[in-house]
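Chemist: heads up, no residue letters with this:
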């Protein structure tokens, strides 16, 4: 290619691809972004629900204060106002025996003491689980176990602490149960999330993700000159001495560099790589009611329930209406039950949680994202040809699993490598 201006292609219009495209365009490079779907967003897409005439996320997302790159990006694209945050950590929980309780820290105490005090106050905990909290903190420095469950056994962590705090967090952060989740990666989650009052607090979006995050990001990309091509599947990718050639149904085009911000399976197909990819699904059960269905908080973690997290979407979006929209999230869903049986189970649990025995949804939608996350596995990443940058989600041992934060970080890192290659 003869042009002095770097021409960069980004394959994948999810959060990582959009972040990379924006960073590169800020440096004055020409960027083409290719997305095979009709709209941008990837796993942060929303769909239009005709009965309620509203946009709805495939599944709700929680943010934590440790998401520094996400928060900075939201500020950069003028979208931080689309989020709401706790002042300090409040993790609402529920089970059949104890009803509603929570892991709630006080900002009047230094965070380590506040966390210990919060665990102490939870029913069925008290002094008997505090030594486990200390052992777990000390054992993080030298984790020799592969799986979280093995780590819990070696560190002699009390079953109550595992059930009420660690299993809930493991499912939410890793999308795997403790017997399958990587211990080193989960330790990274805990270390980042539970370091200060600021990092431990939780937040959520007050608009559907398509409006709260993707549209502002798309708008800033276009303002910076990014050329976005939706419904544009990349059919072939060829590296050569001076760059890469991309082939779509519209033809072929040369680029100085290509960033792969797609799924690892698409990357492997384009580059003819044979490699097993371990993924995990998430099931989201959306329920609409023509009555007010009230949770004590915008979300509740279920202990011993099929629905692991219950979100009051209407409350999170500050919807002022007599109707309600709730969503139950099931991570690593292995249930073989029918859709009707799953809805029935979640309805029974919601009736117990809300103490509203006559709940009848007017509309329902089950969305199972089969490859919602790519599991942390001890597998070597493939070597990339020259001029191709890998921004695909494929976490290895000790790295963080799929979150909004890691997607933004992968986008930043890919853009940095791209800019380094031009110097």
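Modeler: Cool, got the structure. If you're wondering where the values come from, they're calculated on a predicted model, not measured in any experiment.
Chemist: can you give me the strands for the stretch 201-350 of the chain?
Modeler: When assigned using DSSP state E, counting those that start in this stretch, the strands of the stretch 201-350 of the chain occupy the ranges 202-205, 227-229, 236-240, 243-248, 251-255, 257-260, 279-289, 299-302, 309-312, 324-331.
Chemist: can you tell me which of those strands comes nearest to residue 414?
Modeler: Each of the strands of the stretch 201-350 of the chain has some distance to residue 414 by C-beta to C-beta; the shortest is strand 257-260, at 4.8 Å. The C-beta positions use only the backbone N, C-alpha and C, and glycine is treated the same way.
Chemist: and that closest one, what does it pack onto?
Modeler: Judged by 3 or more C-beta pairs under 8 Å, 6 or more residues apart in numbering; DSSP states H and E, strand 257-260 is in contact with strand 7-11, helix 15-26, strand 243-248, helix 264-271, strand 388-390, helix 404-422.
Chemist: now for these, which one comes closest to residue 196?
Modeler: Proximity to residue 196 (C-beta to C-beta) singles out helix 404-422 among the helices and strands packed on strand 257-260, at 16.1 Å.
Chemist: chain center to that closest one: distance?
Modeler: Here the centre of helix 404-422 is set off from its chain's centre by 18 Å, with C-alpha atoms, centre = their mean, to the nearest Å.
Chemist: what's the angle between it and strand 7-11?
Modeler: Our comparison of helix 404-422 with strand 7-11, counting by axes from the mean of the first three to the mean of the last three C-alpha atoms, to 10 degrees, yields an angle of 150 degrees.
Chemist: Remind me what helix 404-422 packs against, helices and strands.
Modeler: With contacts defined as 3+ C-beta pairs under 8 Å, 6+ apart, the packing partners of helix 404-422 are helix 15-26, helix 68-76, strand 257-260, strand 388-390.
Chemist: next structured bit after the helix or strand harbouring residue 94?
Modeler: With secondary structure defined by DSSP states H and E, residue 94 is part of strand 90-95. Once strand 90-95 ends, the next helix or strand along the chain (criterion: DSSP H and E) is strand 99-104.
Chemist: Can you mark which positions in that next one are buried?
Modeler: When neighbours are counted by 16 or more other C-beta atoms under 10 Å, the buried residues of strand 99-104 are found to be 101-104.
Chemist: Just send these back as a markdown table, with pLDDT and distance to residue 159 too.
Modeler: Listed next are the buried residues of strand 99-104 as a markdown table, based on pLDDT from 0 to 100; distance: C-beta to C-beta, whole Å:
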| residue | pLDDT | distance to residue 159 |
| --- | --- | --- |
| 101 | 96 | 17 |
| 102 | 96 | 20 |
| 103 | 96 | 16 |
| 104 | 97 | 22 |
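Chemist: Which single one of those is nearest to residue 236?
Modeler: When the buried residues of strand 99-104 are compared for distance to residue 236, the smallest value, 50.7 Å, is given by residue 103; criterion: C-beta to C-beta.
Chemist: Just confirm that closest one contacts residue 86, I think it does.
Modeler: No. The criterion here is C-beta atoms under 8 Å, and residue 103 misses it with residue 86 at 11.8 Å.
Chemist: For the nearest residue to residue 415 once chain neighbours are set aside, the count of nearby residues, please.
Modeler: Counting by C-beta to C-beta, 6 or more residues apart in numbering, residue 23 is the residue found nearest to residue 415 once chain neighbours are left out, at 3.4 Å. Applying other C-beta atoms under 10 Å, we find 23 other residues in the vicinity of residue 23.
Chemist: From what I see, residue 23 and residue 412 are in contact.
Modeler: Yes. The pair residue 23 and residue 412 passes the contact test of C-beta under 8 Å, sitting 6.2 Å apart.
Chemist: Could you check how far residue 182 is from residue 204?
Modeler: When distances are taken as C-beta to C-beta, to the nearest Å, residue 182 and residue 204 turn out to be 26 Å apart.
Chemist: List the beta-bridge partners for residue 246.
Modeler: Listed beta-bridge partners, residue 246: residue 237, residue 253 (assigned using DSSP bridges).
Chemist: Look up how far residue 34 lies from it.
Modeler: 7 Å.
Chemist: what's the overlap in contacts for those two?
Modeler: 9, 11, 234 (C-beta atoms under 8 Å, 6 or more residues apart in numbering).
Chemist: list the contacts for the first one?
Modeler: Just to be clear, that refers to residue 9. Contact criterion C-beta under 8 Å, 6+ apart gives 31-34, 244, 246, 253, 255, 257-259 as the residues in contact with residue 9.
Chemist: Okay, and the beta partners of the closest residue to residue 5 other than its chain neighbours?
Modeler: With sequence-adjacent residues excluded and distances taken as C-beta to C-beta, 6+ apart, residue 5 is closest to residue 30, at 5.5 Å. Residue 30 has these beta-bridge partners by DSSP bridges: residue 7.
Chemist: Give the burial count for residue 30, as a bare number.
Modeler: For residue 30, the count of nearby residues is 17 (other C-beta under 10 Å).
Chemist: ok so, going back, show me which of the contacts of residue 9 is closest to residue 198.
Modeler: Distances from residue 198 to the contacts of residue 9, taken by C-beta to C-beta, are shortest for residue 259, at 31.7 Å.
Chemist: quick revisit: closest to residue 176 among the shared contacts of residue 246 and residue 34?
Modeler: Within those, proximity to residue 176 (C-beta to C-beta) peaks at residue 11, which comes in at 27.5 Å.
Chemist: Any idea what that closest one is bridged to?
Modeler: Beta-bridge partners of residue 11, counted by DSSP bridges, are residue 34, residue 260.
Chemist: Specify the residue ranges that define each domain of the chain.
Modeler: According to the domain assignment given by automatic domain parsing, the chain is divided into the following structural domains: 7-47+209-277+378-422, 90-198, 279-374.
Chemist: which of residue 182 and residue 204 has more neighbours?
Modeler: For residue 182 against residue 204, the residue with the higher neighbour count under other C-beta under 10 Å is residue 182, and the figures read 26 against 21.
Chemist: Setting the sequence-adjacent residues aside, check what's closest to the more buried one.
Modeler: For residue 182, ignoring the flanking residues on the chain, the nearest one in space by C-beta to C-beta, 6+ apart is residue 376 at 4.0 Å.
Chemist: residue contacts, that neighbour?
Modeler: Shown here is residue 376, whose contacts under the criterion C-beta under 8 Å, 6+ apart are 174, 181-182, 185, 395-397, 399, 401.
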